[in-house]
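**Student:** I need the structure of the sequence given here:
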Amino acid sequence: MNNFEPAFDYNKHGLQYSSHRQTEPEIAKHINKALGDAKTVINIGAGTGSYEAEDRYVVAVEPSAAMREQRLLKSKCPAIKASADSLPFDDGSFDAATAFLTIHHWPDIAKGLKEIRRVTRGQIIIMTYDPDALTVFWNAEYFPEVIEVERKRYPPLQLIFDLLGNECLTHEIPVPLACVDGFQEAFYGRPEAFLSREVRSGMSAWGFIPSELQEVMVGRLRDALSSGQWDKSYGHLRKQPFFTGALRLIIAKS
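**Tutor:** The predicted model follows:
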């Protein structure tokens with residue numbers, strides 16, 4: 001079983017990733033609660049180290065050299081070069097496993113989840129997006145091309161449940177207004193952020209859209225902001241403390 005879209009090339013497009021993608025404390029609270037009393041954690045597709053618990057022993061796995069180099073700026077644990085579908089660890093090596101906004105990048109989701117279960121004694125925690133809830137966010141109106149890209153990339157939640165096999169719990173994750181993790185929904189009340197190419201570069205979906213088309217898409221939002229149309233429809237979000245969109249936390253028990 002391979003992925004739904006070609007993989008995003010982080011070695012090419014992710015060189016400034018750590019500047020825009022940080023650990024959001026409000027989201028981290030949900031993750032730390034889900035980890036329970038786990039003392040050893042394997043973090044798959046670890047990127048630059050966001051959401052890695054500092055009070056536990058974490059082993060990070062990251063295939064991208066660009067991502068591993070940026071970890072040196074903020075993460076206490078370096079990452080080994082490996083991928084989800086081939087983990088160089090013995091069976092049951094870790095108390096828990098995490099995978100944060102990474103599963104849609106895996107070339108073989110089924111094999112990756114099987115490997116993670118093999119090396120994990122306890123719970124598996126996956127943060128992902130529900131592809132059926134992507135249109136809840138207003139960018140579906142201004143950036144339908146992005147929604148189409150995202151819908152093809154994110155696996156259905158039921159597929160993840162079926163592959164994990166064990167009892168799974170799903171939690172909707174509210175995103176705070178000043179979210180410091182620069183994914184799409186982080187800017188639900190700060191629409192001007194999308195006008196910045198640098199900000200958009202921290203969102204992998206935009207990497208699949210040609211620059212010329214991006215300018216057309218951003219132009220729609222720019223015009224709506226200038227005319228006041230965006231604020232007429234969505235201005236209340238500028239002061240809304242949390243937004244619940246498509247972000248989900250899946251917890252698979254042992």
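
**Student:** which residues of the stretch 101-250 of the chain fall in helices?
**Tutor:** With DSSP state H, counting those that start in this stretch as the criterion, the stretch 101-250 of the chain has helices at 109-119, 139-142, 144-153, 157-164, 197-200, 211-227, 229-234.

**Student:** Need those helices in JSON lines (columns: mean pLDDT, distance to E69 and mean neighbour count).
**Tutor:** No exception for glycine: its C-beta is placed from N, CA and C like everyone else's. Output for the helices of the stretch 101-250 of the chain, formatted as JSON lines (pLDDT from 0 to 100; distance: least, Cβ to Cβ, whole Å; neighbours: other Cβ atoms under 10 Å):
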{"stretch": "helix 109-119", "mean pLDDT": "95", "distance to E69": "23", "mean neighbour count": "20"}
{"stretch": "helix 139-142", "mean pLDDT": "96", "distance to E69": "30", "mean neighbour count": "18"}
{"stretch": "helix 144-153", "mean pLDDT": "93", "distance to E69": "25", "mean neighbour count": "18"}
{"stretch": "helix 157-164", "mean pLDDT": "94", "distance to E69": "30", "mean neighbour count": "16"}
{"stretch": "helix 197-200", "mean pLDDT": "92", "distance to E69": "19", "mean neighbour count": "16"}
{"stretch": "helix 211-227", "mean pLDDT": "97", "distance to E69": "25", "mean neighbour count": "14"}
{"stretch": "helix 229-234", "mean pLDDT": "98", "distance to E69": "37", "mean neighbour count": "14"}
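
**Student:** K81: which of these is closest?
**Tutor:** With Cβ to Cβ as the measure, helix 109-119 is the member of the helices of the stretch 101-250 of the chain nearest K81 (15.4 Å).

**Student:** and for that closest one, what are the contacting residues?
**Tutor:** Outside helix 109-119, the residues that touch it by Cβ atoms under 8 Å, 6 or more residues apart in numbering are 1, 3, 42, 44, 83-87, 89-94, 97, 99, 103, 106, 124, 155, 159-160, 163-166, 252.

**Student:** Just the buried ones out of these, please.
**Tutor:** Buried members of those, scored by 16 or more other Cβ atoms under 10 Å, are 3, 42, 44, 83-85, 87, 89, 93-94, 97, 99, 103, 106, 124, 155, 160, 163-164, 252.

**Student:** ok, back up a step: please convert the helices of the stretch 101-250 of the chain to CSV, extending it with distance to P241.
**Tutor:** Formatted as CSV, the helices of the stretch 101-250 of the chain follow (distance: least, Cβ to Cβ, whole Å):
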stretch, distance to P241
helix 109-119, 34
helix 139-142, 20
helix 144-153, 25
helix 157-164, 26
helix 197-200, 21
helix 211-227, 22
helix 229-234, 15
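
**Student:** And the strands in the stretch 1-150 of the chain?
**Tutor:** Remark: strands assigned in the stretch 1-150 of the chain by DSSP state E, counting those that start in this stretch are 40-44, 57-61, 79-80, 96-100, 124-129.

**Student:** for the residue sitting nearest the centre point of the chain, phi and psi?
**Tutor:** The C-alpha lying nearest the average C-alpha coordinate of the chain belongs to L101 (Cα atoms, centre = their mean; 2.4 Å). L101 has phi and psi values of phi 50, psi 50 when expressed as degrees, to the nearest 10.
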